[in-house]
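In: task: produce atomic coordinates for the following.
(chains A and B)
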Number of protein chains: 2
Amino acid sequence: MTNPIIDQLTQHRSIRNFQNKPLTNEQVAVLVDAAQHASTSTFSQQYSIISVTDPEILKEIGRISGHHWLMNAGHYFVMVADQHRNLRIAKAHDSDPFILHSMDKFLASVFDTAIATENIMVAAESMGLGGTIMGSILNDSQKMIELLNLPELTFPLLGIALGYPADEPELKPRLPKEAVHFRNQYGSDENFDQQLASYDALVAAYYKHRSSNDRTETFSHHIVSELAAGHGRRAELVDVIRKQGFMLH
Amino acid sequence: MTNPIIDQLTQHRSIRNFQNKPLTNEQVAVLVDAAQHASTSTFSQQYSIISVTDPEILKEIGRISGHHWLMNAGHYFVMVADQHRNLRIAKAHDSDPFILHSMDKFLASVFDTAIATENIMVAAESMGLGGTIMGSILNDSQKMIELLNLPELTFPLLGIALGYPADEPELKPRLPKEAVHFRNQYGSDENFDQQLASYDALVAAYYKHRSSNDRTETFSHHIVSELAAGHGRRAELVDVIRKQGFMLH
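Out: Numbering: from 1, shown residues only, chains lettered A, B, ... in the order given. The predicted model follows:
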């Protein structure tokens, strides 16, 4: 029970090293087309896509995200949660935009944006490209808003660095299915400790054996170190999101 | 510049009519595997997947979402934003879970969940299946939490109804690229009215000519009617999300 698409999806790895070969405009257009044909909540198409090609802006995004290697990507997208377009339509029709400022519509634009993002990644990989989806642009979302001149009811959610892979990292093992996939009710926690222990061993082996950047770390260590890391400007996320007009009620 | 994966992505339509043929356990396992291999923020795997097979629960979800047809789907998933697993790990290591309750980690689990959701849809379509991603489970998120027995730091984000298609709806036209895809800065609004007018005409033609459920509606009408619809229990979303322990700071 497999096919080339399943094979591709289950072989996904993040690519951070790229050949020096930019994407063509035609490739970019195909990727945007794939994004636009993804499912969209209530058919409201609540996102925008910004291609960042200006080296000065890319440099700033490298600084914000801590991922300076994105300067070497063949193309860089910022995926923007967007109710601004629908706000314009509401205003043009003297319609009350109250609901656009709700938690509900913020959530809808976030999952619309993420779903479109994954379509870009899947389409890119089918073209022989690779890349990384970057939540790290949220390290300074206010600065991202200024860099990209984002208006009311838009928010920069994810970056996507794409290009021709210059290496092929090992496939990173995922949590055991039993710890993630349940039937009818959220899983009983009885066997979780055991599942986690075997997964921790698997992740430790992966880090030990991978060809580059080897280290000793289990999944549990990883989660704990994530929680101990400073939160920086991410602590301001609620404020920035609300300042953009989202999530007001 | 195309290939079978691009073709599939750009031919996506929501399927709501299914043949009477359930998915096999093997198919479900492949779909979960595809979801698990999607990109995940900081490798934290912040979602869970619940297969709903109990007809009583499905009936309730049909009532909540207003989409009773989901009873006829070949399989039904609920995709859950999940920091509960990582909370357990934090507790086991006496690590401060403060950050798990942040806006940042809520956002991360929402986009992780949405990205995994799209992988399930793409994988399903590659197997000859079709379906619909359903944000409408948010019509009563508190009831969904009770139905699925969802613990602290979990939230039911999206449903996915899948099955063998019993029809092939027309492809719904998307917004003009120029209204969605910008370069370096958020698009100037100068030509938006013109782009919208031509898109409104396109959507009106689509609704007029489609074989089933024809109506007269432009995209602008659609957005305005979305805003005028009652918000119901969705007005409680912030409260429910916070009650689950998310987005406390």
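In: residue A:97: neighbouring residues, count only.
Out: 18 (other CB atoms under 10 Å in any protein chain shown). Bear in mind the C-beta positions are built from the backbone N, C-alpha and C, glycine included.
In: what's near enough to touch the nearest residue to it once chain neighbours are set aside?
Out: Nearest residue to residue A:97 in three dimensions, chain neighbours excluded: residue A:90, at 4.3 Å (CB to CB, 6 or more residues apart in numbering or on different chains). Residue A:90 makes contact with A:96, A:97, A:100, B:223, B:224, B:227 under the criterion CB atoms under 8 Å, 6 or more residues apart in numbering or on different chains.
In: ranges for the helices of chain A?
Out: Here chain A has its helices, by DSSP state H, at A:4-10, A:25-36, A:55-65, A:84-92, A:103-126, A:141-148, A:177-180, A:192-209, A:219-228, A:237-243.
In: just name the most buried of those helices.
Out: Among those, the stretch with the highest mean neighbour count (mean count of other CB atoms under 10 Å in any protein chain shown) is helix A:103-126, at a mean of 26.
In: gap between the residue lying farthest from the centre of chain A and residue A:249?
Out: Within chain A, residue A:94 marks the point farthest from the mean C-alpha position, 34.7 Å out by CA atoms, centre = their mean. Distance of residue A:94 to residue A:249, given as CB to CB, to the nearest Å: 21 Å.
In: just residue A:132 next, same as before
Out: 35 Å.
In: neighbour count for these two, which is higher?
Out: Shown here are residue A:132 and residue A:249; by other CB under 10 Å, residue A:132 has more neighbours (21 against 12).
In: residue ranges in chain A under the pLDDT threshold?
Out: Within chain A, the ranges that satisfy pLDDT under 70 run A:188-189, A:211-216.
In: tell me how it divides into domains.
Out: Here the domain parsing of chain A from automatic domain parsing is A:4-169+A:233-243, A:177-222.
In: is it possible to export those to JSON lines including distance to residue B:191?
Out: Compiled in JSON lines, those are given as follows (distance: least, CB to CB, whole Å):
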{"stretch": "domain A:4-169+A:233-243", "distance to residue B:191": "12"}
{"stretch": "domain A:177-222", "distance to residue B:191": "45"}
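In: so which of those domains is nearest residue B:110?
Out: domain A:4-169+A:233-243 (5.4 Å; CB to CB).
In: can you tell me which residues contact residue A:103?
Out: So residue A:103 contacts A:247, A:249, B:234, B:237, B:238, B:241 (CB under 8 Å, 6+ apart).
In: please apply the same query to residue A:17.
Out: By CB under 8 Å, 6+ apart, the contact set of residue A:17 is A:69, A:72, A:165, A:166, A:167.
In: highest neighbour count among the residues you listed?
Out: residue A:165 (19 neighbours).
In: residues in contact with that one?
Out: Under the criterion of CB under 8 Å, 6+ apart, the contact list for residue A:165 reads A:15, A:17, A:18, A:19, A:129, A:130.
In: recalculate using a threshold of 7 Å.
Out: Counting by CB atoms under 7 Å, 6 or more residues apart in numbering or on different chains, residue A:165 makes contact with A:15, A:18, A:130.
In: by neighbour count, which of these wins?
Out: residue A:130 (26 neighbours).
In: contacts only, for it.
Out: By CB under 7 Å, 6+ apart, the contact list for residue A:130 reads A:15, A:165.
In: ok, residue A:224 next?
Out: B:89, B:90, B:93, B:95.
In: which other helices and strands contact the lengthiest strand in chain A?
Out: If you go by DSSP state E, chain A has its longest strand at strand A:154-163. Applying 3 or more CB pairs under 7 Å, 6 or more residues apart in numbering or on different chains; DSSP states H and E, we find strand A:154-163 packed against strand A:75-82, helix A:103-126, strand A:130-134, helix A:141-148.
In: distance from that strand to the middle of the chain?
Out: The chain centre lies 7 Å from the centre of strand A:154-163; the measure is CA atoms, centre = their mean, to the nearest Å.
In: quick one: that strand to strand A:75-82, angle?
Out: Angle of strand A:154-163 versus strand A:75-82, following axes from the mean of the first three to the mean of the last three CA atoms, to 10 degrees, is 160 degrees.
In: and strand A:154-163, which strands flank it?
Out: With DSSP bridges as the test, strand A:154-163 is paired with strand A:75-82 (antiparallel), strand A:130-134 (antiparallel).
In: only alpha carbons, please: show it as CSV.
Out: C-alpha atoms of strand A:154-163 as CSV (Å, rounded to 0.1, in the frame of the first residue of the first chain):
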residue,chain,number,x,y,z
THR,A,154,-2.3,40.3,8.8
PHE,A,155,0.3,38.3,10.7
PRO,A,156,3.6,36.7,9.5
LEU,A,157,3.2,33.1,10.6
LEU,A,158,5.8,30.9,8.8
GLY,A,159,8.8,31.2,6.6
ILE,A,160,9.7,28.7,3.9
ALA,A,161,13.2,28.4,2.7
LEU,A,162,13.4,26.3,-0.5
GLY,A,163,16.1,25.2,-2.9
